[in-house]
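[1] when you get a sec, could you give me coordinates for this:
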Amino acid sequence: MPAPECPKTPVMPKILLSGSLNLIRRRINPCRLPLLPMILTGLMKPKKIRRKDFSDYEAFKAAHAISSSTILQNILTKCGVERDVADEACRLVEYHETGGDPRTDLLKDADSISFFEVNLPLYYQREDPAETRRRCVWGYQRLSSRMKKVAQSMTYEDYELTLLFRKAIGESSTKINFDDFVKYPYPFSR
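    Just a heads-up that it's a prediction; the model follows:
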């Protein structure tokens, strides 16, 4: 299995892939199946959806969700998963970025909070502070009220990352379009 091209969390793909395969074998709740394509999308170079290929962040996230859903549909079909379970799992994946019902809203929260808990420190290492801040604002704004409280209690070993995250939370009280930040860079330096 090839390693992800950019640093995320080195152990997460193996852990999540193993867990996802166990879920498929047991044919359990389709709400848990979306883990698999998210991991595979990150590991499969030919189908990887890259932010740099999109001028609009929302279009990038929509393409990511559709690509993940397509990958999952192919896997579940090959695994012989019942059609109704496969269809629901693929629907959940397709809408995990936008939500819209209790199940997809739950996945959207899980996706967002996992970014802050697991991937943000590595994102901060590979991106500049302004980009990291933009991503934090975007991710925080999509959290439910309950998960915003969880995020507000988060800290990081890197004090400057914690400070950047706190500032992003403060700015998130107003609706901000992620792509507007490209036009108006944030004057934050490490």
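[2] please count neighbours and contacts with C-alpha atoms only from this point.
    Fine.
[3] can you show me the helices along the protein?
    Under the criterion DSSP state H, the chain contains helices at 12-26, 35-43, 57-79, 83-94, 102-114, 120-126, 129-141, 145-152, 159-171, 180-183.
[4] and Gly99, how close does it get to Ser112?
    Distance of Gly99 to Ser112, computed by CA to CA, to the nearest Å: 12 Å.
[5] out of those two, which sits in the busier spot?
    Ser112 (23 against 18; other CA atoms under 10 Å).
[6] contacting residues around stretch 107-115?
    31, 92, 96-99, 139-140, 142-144, 147, 151 (CA atoms under 8 Å, 6 or more residues apart in numbering).
[7] hey, C-alpha coordinates of that stretch in CSV?
    Taking C-alpha atoms only, stretch 107-115 is exported to CSV below (Å, rounded to 0.1, in the frame of the first residue of the first chain):
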residue,chain,number,x,y,z
LEU,A,107,-20.4,12.5,9.6
LYS,A,108,-19.8,16.2,8.7
ASP,A,109,-19.1,16.8,12.4
ALA,A,110,-16.9,13.7,12.7
ASP,A,111,-14.9,14.7,9.6
SER,A,112,-14.4,18.3,10.8
ILE,A,113,-13.5,17.5,14.4
SER,A,114,-11.1,14.8,13.3
PHE,A,115,-9.3,17.3,11.1
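[8] neighbours of Ser144, how many?
    15.
[9] also Arg50?
    13.
[10] so what's the backbone phi/psi at it?
    phi -110, psi 130 (degrees, to the nearest 10).
[11] correct me, but it touches Lys61?
    No - applying CA atoms under 8 Å, one finds Arg50 not in contact with Lys61, separated by 9.5 Å.
[12] Asp87 versus the nearest residue to Arg83 once chain neighbours are set aside, what's the distance?
    In space, Arg83 comes closest to Thr77 once its chain neighbours are excluded; the distance is 7.9 Å by CA to CA, 6 or more residues apart in numbering. Using CA to CA, Thr77 is found at 10 Å from Asp87.
[13] neighbour count: those two, which is higher?
    Ranked by neighbour count (other CA under 10 Å), Thr77 and Asp87 place Asp87 first, with 18 against 13.
[14] which residues does the more buried one contact?
    Gln73.
[15] how about 7 Å then?
    Contacts for Asp87 were tallied using CA atoms under 7 Å, 6 or more residues apart in numbering; there are none.
[16] what score does it have for pLDDT?
    Listed pLDDT for Asp87 reads 90.
[17] and for Ile176?
    In the predicted model, Ile176 carries a pLDDT score of 47.
[18] ok, Arg50 next?
    84.
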